[in-house]
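*Asks:* Could you work out the structure for the sequence below:
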Amino acid sequence: MRKKPGRSSKNTWPENNLSLIRKLTTTGLGACISVFLSAQNLLPADGYLIINAGPGDPVYTTYTAAPARSSLYDDKGYTMIYDEFSSPLTYGSEHGGRFFTVWEINSVVVSRVGDFHVKPFIKATFPDMALMEYEPWPGISAEEIFFVYNSNCAVVDCHLKNNTPNTHEINIYPVLEDADSLYVIGFDSTSNSYCFNHYETKKRLISNLSDKYPYPDHFYNLFSAGFPIYSYGAYQGNREDLYNAIKTDFYIENRSDSLNMADSSDAGFIALHGKYILQPGATIHYRYCRLRQSRDKEPERLGKILEDAKSLSIQPFIDENVRLFSNIPLIDFSDPADKMVYLSAFNLARGCFLPAEGQTTHNYYVFSREPLWGWGHGHQVLHESLSMLAYAYLDPVSAQNSQRVYMEQQSEDGLIAYRHGPRGPQTYPHKEMPTTSAPFYSWINLEIYNVSHDREFLADAYESGTRYARWLINNRDTDHDGTFEWGPYGIIENVRDWYNAVFQVSKERYLDIDKEDISDELECLDLSLMMVKEMRSLAAMATALDLREESEEWESKANKLARLINERMWDDASGFYYSVDKTDHSFYFMTRDLKRQEIIGFLPLWTQVADSTRAVRLVQTLTDPGKFWRKYGVPTLAADDEWYSPYVDYCCKWNGPVWLLWDYMVYEGLRNYGYDSLAEELAVNLLGAVKVQLSRNHRFPESYSPDNEVLNCPPNYIWDSIIARLMIRMNSD
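*Replies:* Down below sits the predicted model:
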């Protein structure tokens, strides 16, 4: 008996099986009728999007539905595994199971990618689909599209052509396995669909989202063939039992060419079966669909989605993606792998977007849609919105609308809360004060405008940014001395939210934020520099809007703040910038030495606060291999600090791991002062870190090790899409 998490699946689904099957499926569904265009002819107007990614190439392979066909709470994305030779070509998700095709060709089972005559390669990849080619058997070519049609439905569409002079007997077995607590409730022969239920624990959400918001945990499912069914089966056990069921074990007596035709049971896997005779030069076309939705929604809805999915033509959706990508700069990369990373970064960003719903009238993003986890599903945060610096090149209107989420939910007093989205502003009050986020707001808006040239957006962004800057001046400089302190919950406001060498100063693995966080006791270097950038961004926006006096006022404020930073936060002995004590502006807080060399010490280059003499000293420290100049980028803490760790063994670590967004600011700082060759070297190192992870696991991790290649942290973070912006800058004058 297969062990299942949570409650017994049999006791979870009390409905009458026949009644539920009738609701889940729609009568009259025939075989799919879409027209498949071969990959060679797929993108005639834009060959730039052809990548031909083979095994081990650096390409992102997680797919989610386009924003217009997506919803927040009932959403499911999928990761494709195409280059693990011991496994099938697989599409899967956490908790929702995996699905794939097993072949039997001339009585020989081809079940693993390693057995394919020609291994799968990706012709083109978009946020919601992958276009594949391979040969499961010599002379038999497959052209396969995996397409996430909407939040509830994924489609596998394949053309199989016989390029040999021989006739072949071919059995195909679409299989779904390992969905948590999978329970088959029946097979509907009219729609060729297995109907089943499964359960996904809310523990996957990690945070309080599972308690407050309607994330489902029990689901209706359909696994449906768009081709004539020869047999079907449901089995307990594992993948090896599946292969036995498809008669790979030659010691089984009384072998049958039919699966077990089981209608109702707990199951480890279910399979559909199509049987074909493939003549020389002939082609067979098959499609199958995997659908799921919350049990809180009407079952009939899933049947309608299935009807659409079986009859739709995929070509218009391909054309839609081609139009989307027509906006990006077409960089002529000398290394094809660089283009794979570049396009993958845009896929990551777009794949995190969802349509307007709830308390927002604009599209918005989550950090990650697959895998779905709580903190990463908690709506927009300003530091994550730095990804808009890249995304604006793909879809500037969507990037603007994402920023408008902040505008429409901004408080009357100007506050932009820590999070914004369909659940509204989330301020995380701490010590009776609201929490904001790192103020990159006006810089982001200005950079988006520089791509979109939308003056209406610029005017709205300037008005909103002005109000936010004034709120920060009034609420994050509480002693009115001109430099800034994070709020009481500064450990998340400042972004560097765990293993922060200055704010927490502890070698314990698990820290009590309330007790350890001293951020509001310091005049903080990072926030003060961010305020310089905000003020100068507002000055540039005012200039573009012909508001000369306001531009001069913001520039004057920025210059005054820059002068105070240089007076208070520069230590000439070590040649570095640090936060200082709020009371006496010393480099000590009680007994704590605040002179810990963090990545924020290089942000004066980004904001152009440092003079040329100090810039030289900063660059000397930056390029010291014993401190910051490491193999895969600039770490968040100097390597000679006692608390430095190069190991990414946990989420949210800021005592060594590389975070691409912060390294991007270091890159811009180097260019500001004419250190172009060093900026190029840093960019190459960062690109190398990304390539390693995309080649190995085809995901974008939250952070990277400066020294190592093995990581354990949350995957598929939207802000890693900044690598596309870095690559654009690398290839600009």
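
*Asks:* how many neighbours does the nearest residue to residue 378 once chain neighbours are set aside have?
*Replies:* The spatially closest residue to residue 378, leaving aside those adjacent along the chain, is residue 419, at 5.6 Å (Cβ to Cβ, 6 or more residues apart in numbering). In short, each C-beta sits where N, CA and C put it, glycine included. Counted with other Cβ atoms under 10 Å, residues neighbouring residue 419 total 20.

*Asks:* From residue 381, how far out is residue 419?
*Replies:* 6 Å (Cβ to Cβ, to the nearest Å).

*Asks:* who touches both of these two?
*Replies:* Counting by Cβ atoms under 8 Å, 6 or more residues apart in numbering, the residues touching both residue 419 and residue 381 are residue 437.

*Asks:* does residue 138 really touch residue 163, like I thought?
*Replies:* No. Residue 138 is not in contact with residue 163 according to Cβ atoms under 8 Å; the separation is 9.1 Å.

*Asks:* the strands in the stretch 301-450 of the chain, which residues?
*Replies:* 353-354, 364-365 (DSSP state E, counting those that start in this stretch).

*Asks:* where does stretch 321-337 sit relative to the chain's centre, distance-wise?
*Replies:* When distances are taken as Cα atoms, centre = their mean, to the nearest Å, stretch 321-337 is centred 19 Å away from the chain's centroid.

*Asks:* before we move on, what about stretch 302-311?
*Replies:* Offset of stretch 302-311 from its chain centre (Cα atoms, centre = their mean): 27 Å.

*Asks:* what comes up buried for it?
*Replies:* Neighbour counts over stretch 302-311 (16 or more other Cβ atoms under 10 Å) mark 302-303, 305-307, 309-310 as buried.

*Asks:* okay if I get the residues you listed as TSV plus pLDDT?
*Replies:* Listed next are the buried residues of stretch 302-311 as TSV, based on pLDDT from 0 to 100:
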residue	pLDDT
302	94
303	93
305	96
306	96
307	94
309	96
310	94
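
*Asks:* Between those, which sits nearest residue 679?
*Replies:* residue 309 (47.4 Å; Cβ to Cβ).

*Asks:* May I have stretch 162-178 as CSV, with CA atoms only?
*Replies:* Taking Å, rounded to 0.1, in the frame of the first residue of the first chain, the C-alpha atoms of stretch 162-178 are listed here in CSV:
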residue,chain,number,x,y,z
ASN,A,162,7.8,7.7,-39.3
ASN,A,163,10.8,8.6,-41.4
THR,A,164,11.8,5.0,-42.1
PRO,A,165,10.7,2.6,-44.9
ASN,A,166,9.3,0.2,-42.2
THR,A,167,6.0,-0.1,-40.5
HIS,A,168,6.0,0.2,-36.7
GLU,A,169,3.6,-0.8,-34.0
ILE,A,170,3.5,1.9,-31.4
ASN,A,171,1.7,2.1,-28.1
ILE,A,172,1.8,5.3,-26.2
TYR,A,173,1.1,5.5,-22.4
PRO,A,174,0.5,9.0,-20.9
VAL,A,175,1.1,8.5,-17.2
LEU,A,176,0.4,10.6,-14.2
GLU,A,177,2.1,9.7,-10.9
ASP,A,178,2.8,10.7,-7.4
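
*Asks:* pLDDT on it, on average?
*Replies:* Stretch 162-178 shows a mean pLDDT of 96.

*Asks:* Mind listing what's buried along that stretch?
*Replies:* 162, 168, 170-178.

*Asks:* Kindly report the same for stretch 104-114.
*Replies:* Neighbour-count burial for stretch 104-114 flags 104-105, 109-113 (criterion: 16+ other Cβ under 10 Å).

*Asks:* for the residues you listed, which one is nearest residue 712?
*Replies:* Residue 712 lies nearest to residue 113 out of those, by Cβ to Cβ, at 25.4 Å.
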